[in-house]
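Visitor: Compute the structure for the input listed below.
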Amino acid sequence: MNPKRIIHLKDGKSESKKQYVIYWMQQSQRVHYNHALDYAIQMANQHDLPLLVYFGLTPNYPDANLRHYTFMLEGLKEVKNILNKFHINFLFKLESPEKGVKNYLKNAHALIMDYGYLRHQKLWRKEVLDFAIENCVDLQVDMVDTDLIVPVKVASDKAEYGAYTLRPKIKRLYLEFRDFSKITTIHNQKKLEFESDNDLSNIKKLTDSLDIDHTVTASPIYKGGYIEASKLFYDFLENKASDYINSNDPSLGLTSKMSMYLHFGQISALEIMDRMFLAIDHGHLDGASFDAYIEQLLVRRELAFNYVTFQKGYDKFETMTEPWAYMTMNEHELDRREYLYTSEELENQQTHDIYFNAAMKEMVYTGYMHNYMRMYWAKKIIEWMPTYKEAYDTIVYLNNKYFIDGRDPNSYEGIAWCFGKHDRAWTERSVFGKLRYMNAKGLERKFNIEGYVNDVQNIVNNCHSIVKS
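Guide: Next up is the predicted model:
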């Protein structure tokens, strides 16, 4: 592992004999290609200690509902089973993670944390570190950035203006971070006597017991976990990757659908990149499609993480975009809107625009929407709401409610992009001002958009059939 992934937060006392090393798994919910887990195993081996992997589940995770919890728990069930086979202890507690993990620090030699990128994730880790500094003199604390190919603060030390400023920095560095081969074997395989709050064998029973929003049902189409992610990516490599250069067309279905698995850390971006390199080395795809996919996985994705790291108000309308964008919005705030819709009408697909309705329908039923349609969807909400702030709040609300990968750096950056962030000023027009404009005629000109509408209806019909069965 490249040592630049490791952030040393607190010294410990190596001569102090403890009972275990603890890895607090939160962002990176996987075993494969998990640098933080592997680092914890190596540290446990150095001191001949067993490893305890801790996961805390809070029913109060910001904006999360049954759809998100089900997908996440499907992945965690798999994680537990794999760790058991590797003779690594897994402790699952129904308690807010930053609270629950403190109970296990007194007897730990070291605490390893994976990296959290959003505000509340950082606050969780800070609370635990502050507790360790005050109460656990002997405890070493390290954090490992394993969900990005190039760690966010290694790639850049400031907010990047756009992909074109981050790209050369990332391209210079990323080969140094192809730094994972296989998980280390744990030497001390002692079983620790901690009892989990749930064995994860019955996810429905568990979610039924949680005080969470049950109004948004689990996706009938997409299931969580590394195995599901691997199946989807194998299908992508076999049947879609060679045509990825045309993936902007929502009617072709050429995307890999990895974003939801990356969001929960159920698969590593580095593993995906390594598989892409293997595919091109074996002649399974051409250079243009390879470059187009790596651009999204490496440059565009890491730009989003740069955004939430250095843009302090990344999730607030007043602070999420550029001064020129606010200026043009102020100038056009009172422009006449040809159509106005309430949030409920948008949510229920009750607009005049069949393409928007189809995209919204796919989102509500499955938890997924093609990225090009996400941009169109958000642009239409900007056009149809009375104010830009109402549009922003509505987009964030619907995004976080229905998308499996909502509440993600990519979500916040993608929404901000619709309001001018990481974009440029365009020709001025009514309502949008100098913000980029998208319309139905553009969809019709570029794509077989009617095919997309039909595909969505078939997917929805399939969802109904799955639910009934």
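
Visitor: Confirm that residue 21 sits in a helix.
Guide: No. Counting by DSSP: H, G, I helix; E, B strand; the rest coil, residue 21 is not part of a helix but strand.

Visitor: Now for it: which residues touch it?
Guide: Counting by C-beta atoms under 8 Å, 6 or more residues apart in numbering, residue 21 makes contact with 40, 43-44, 47, 49-52, 108-110, 112. Bear in mind the C-beta positions are built from the backbone N, C-alpha and C, glycine included.

Visitor: what bridges to it?
Guide: Residue 21 has these beta-bridge partners by DSSP bridges: residue 51.

Visitor: pLDDT score for it?
Guide: Here, the pLDDT recorded for residue 21 equals 98.

Visitor: now do residue 14
Guide: Looking at residue 14, its pLDDT reads 69.

Visitor: swap in residue 463?
Guide: According to the prediction, residue 463 has pLDDT 85.

Visitor: which residues does it contact?
Guide: Going by C-beta under 8 Å, 6+ apart, residue 463 touches 220-221, 365-366.

Visitor: Equivalent analysis for residue 210, please.
Guide: By C-beta under 8 Å, 6+ apart, residue 210 lies in contact with 59, 69, 94.

Visitor: what's the closest of the residues you listed to residue 168?
Guide: residue 69 (40.0 Å; C-beta to C-beta).

Visitor: Leaving out the residues flanking it, which one is nearest to the closest one?
Guide: What sits nearest to residue 69 in space, not counting adjacent residues and going by C-beta to C-beta, 6 or more residues apart in numbering, is residue 207, at 5.5 Å.

Visitor: Test my guess that the one you found contacts residue 72.
Guide: No. Using C-beta atoms under 8 Å, residue 207 is not in contact with residue 72, being 10.1 Å away.

Visitor: Give me the more crowded residue out of these two.
Guide: Set residue 207 next to residue 72 and count neighbours by other C-beta atoms under 10 Å: residue 72 wins out with 23 against 17.

Visitor: confidence score at that one?
Guide: As predicted, residue 72 sits at a pLDDT of 98.

Visitor: of the contacts of residue 463, closest to residue 83?
Guide: Nearest to residue 83 among the contacts of residue 463 is residue 221, at 27.6 Å by C-beta to C-beta.

Visitor: ok but that closest one is inside a helix, no?
Guide: No. Going by three-state DSSP, the assignment for residue 221 is coil, not a helix.

Visitor: What's the local residue count around the residue nearest to it when sequence neighbours are not counted?
Guide: Spatial nearest neighbour of residue 221, chain neighbours left out: residue 366 (4.7 Å); criterion: C-beta to C-beta, 6+ apart. Using other C-beta under 10 Å, residue 366 has 21 other residues around it.

Visitor: before we move on, the earlier item: the contacts of residue 463 into a markdown table, with extra columns for pLDDT and distance to residue 309?
Guide: Formatted as a markdown table, those follow (pLDDT from 0 to 100; distance: C-beta to C-beta, whole Å):
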| residue | pLDDT | distance to residue 309 |
| --- | --- | --- |
| 220 | 95 | 35 |
| 221 | 95 | 32 |
| 365 | 95 | 33 |
| 366 | 96 | 30 |
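
Visitor: who does residue 144 bridge with?
Guide: residue 6, residue 114.

Visitor: That one contacts residue 5, correct?
Guide: Yes. Counting by C-beta under 8 Å, residue 144 does reach residue 5; the two are 5.4 Å apart.

Visitor: Overlap of the contact sets of these two?
Guide: With C-beta under 8 Å, 6+ apart, residue 144 and residue 5 have common neighbours residue 35.

Visitor: returning to that earlier point: CA atoms only for the helix or strand hosting the residue nearest to residue 69, dumped as PDB, please.
Guide: Assigned by DSSP states H and E, residue 207 belongs to helix 203-209. Extracted in PDB, the C-alpha atoms of helix 203-209 (Å, rounded to 0.1, in the frame of the first residue of the first chain):
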ATOM      1  CA  ILE A 203     -32.500  -8.400   6.700                       C
ATOM      2  CA  LYS A 204     -36.300  -7.800   6.400                       C
ATOM      3  CA  LYS A 205     -36.800  -8.600  10.100                       C
ATOM      4  CA  LEU A 206     -34.000  -6.200  11.000                       C
ATOM      5  CA  THR A 207     -35.300  -3.300   8.800                       C
ATOM      6  CA  ASP A 208     -38.800  -3.900  10.100                       C
ATOM      7  CA  SER A 209     -37.500  -3.300  13.600                       C
END
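
Visitor: Please shift the residue numbers so they start at 36 in all later answers.
Guide: Okay, residue one is now 36; in that scheme the one you just asked about reads as helix 238-244.

Visitor: got a list of contacts for that helix?
Guide: Applying C-beta under 8 Å, 6+ apart, the contact partners of helix 238-244 are 101, 104-105, 108-109, 112, 233, 235, 249.

Visitor: Please apply the same query to stretch 325-341.
Guide: Contact with stretch 325-341 is made by 152, 183-185, 187, 190-191, 194-195, 197-198, 201-202, 205-206, 209, 276, 279-280, 282, 291, 297, 304, 307-308, 311, 314-315, 443-445, 447-449, 457, as judged by C-beta under 8 Å, 6+ apart.

Visitor: out of those residues, which are inside helices?
Guide: Judged by DSSP state H, the contacts of stretch 325-341 include 187, 190, 198, 201-202, 205-206, 297, 304, 307-308, 311, 314-315, 444-445, 447-449 as members of helices.

Visitor: Could you look up the SS state of residue 462?
Guide: coil.
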